[in-house]
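A.B. asks: sequence unknown, structure follows:
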């Protein structure tokens, strides 16, 4: 498929006291979290890496505009995944004010190109200024204002190393279907908000977003010939999956 947007890349956490449990008791060495320890550990992990000043300013801009930025833990994970994948071409669904874009650029190869899609051109304007402040060359950035499900079908098959989805979760199934087509073999899918405010794990919750996310998670997990997935308790939950060769 012809890509009308073809890349032109150049050659202090809260302290929660642990319970007085004996870690050698039954269950403690079997992966069962001790009461009181899990929240503190999660908070510690979320703030494990310091954030660069420009990312902090992008996060503040997001909050001022009513835009919800990714957590620091998610940003750290994005950088790691982009680096592990040696990502050269990345698609991002949900530009926001550039918090996630900065995290991706930090892990991508020096000449890598980020294609970032968002229906809100105003947040993209802020993201562009954030990238400029961070010293990202303009030829590494493709900010596309528009509906992602209209734009994504125009991008080339098997041409991308990583696809990050941080958008309306009611459409996450369709985004994942598009990502499956866009990713090369061994490419990485990352979906933010995959645990949806702790509601996905609650079998009694049947909100629309929760049901859609559950169905998407089940679909990815069931496609053994397509994905090697993992569900990470980072931020509001991250689905990560490696694309198998066809």
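C.D. replies: Noted; the coordinates are in hand. Please read all numbers here as calculations on a predicted model, not as lab measurements. Numbering: from 1, shown residues only.

A.B. asks: Only C-alpha atoms from now on, for both contacts and neighbour counts.
C.D. replies: Noted.

A.B. asks: just checking, next helix/strand downstream of the host helix or strand of residue 104?
C.D. replies: Following DSSP states H and E, one finds residue 104 within helix 99-107. Downstream of helix 99-107, the next assigned helix or strand under DSSP H and E is strand 113-118.

A.B. asks: That next one vs helix 99-107, what angle?
C.D. replies: Using axes from the mean of the first three to the mean of the last three C-alpha atoms, to 10 degrees, the inter-axis angle of strand 113-118 relative to helix 99-107 is 170 degrees.

A.B. asks: chain center to strand 113-118: distance?
C.D. replies: When C-alpha coordinates are averaged (C-alpha atoms, centre = their mean, to the nearest Å), strand 113-118 and its chain have centres 13 Å apart.

A.B. asks: who touches that strand?
C.D. replies: 7-9, 88-96, 101, 105, 124, 139-148, 151 (C-alpha atoms under 8 Å, 6 or more residues apart in numbering).

A.B. asks: same deal with stretch 90-98?
C.D. replies: Residues contacting stretch 90-98 (C-alpha under 8 Å, 6+ apart): 55, 58-59, 61-62, 67-69, 101, 112-118, 123-128, 130-131, 143, 148, 160-167.

A.B. asks: Mind checking which of the residues you listed are in strands?
C.D. replies: 113-118, 143, 160-165 (DSSP state E).

A.B. asks: quick one: which of those residues is most hemmed in?
C.D. replies: residue 162 (32 neighbours; other C-alpha atoms under 10 Å).

A.B. asks: and it, bridged to which residues?
C.D. replies: Note on residue 162: beta-bridge partners residue 90, residue 188, judged by DSSP bridges.

A.B. asks: Mind listing residues that contact the top helix by length along the chain?
C.D. replies: For the chain, the longest helix by residue count, based on DSSP state H, is helix 208-222. Helix 208-222 is contacted by residues 169-173, 176, 194-196, 199-200, 227-229, 239 when judged by C-alpha under 8 Å, 6+ apart.
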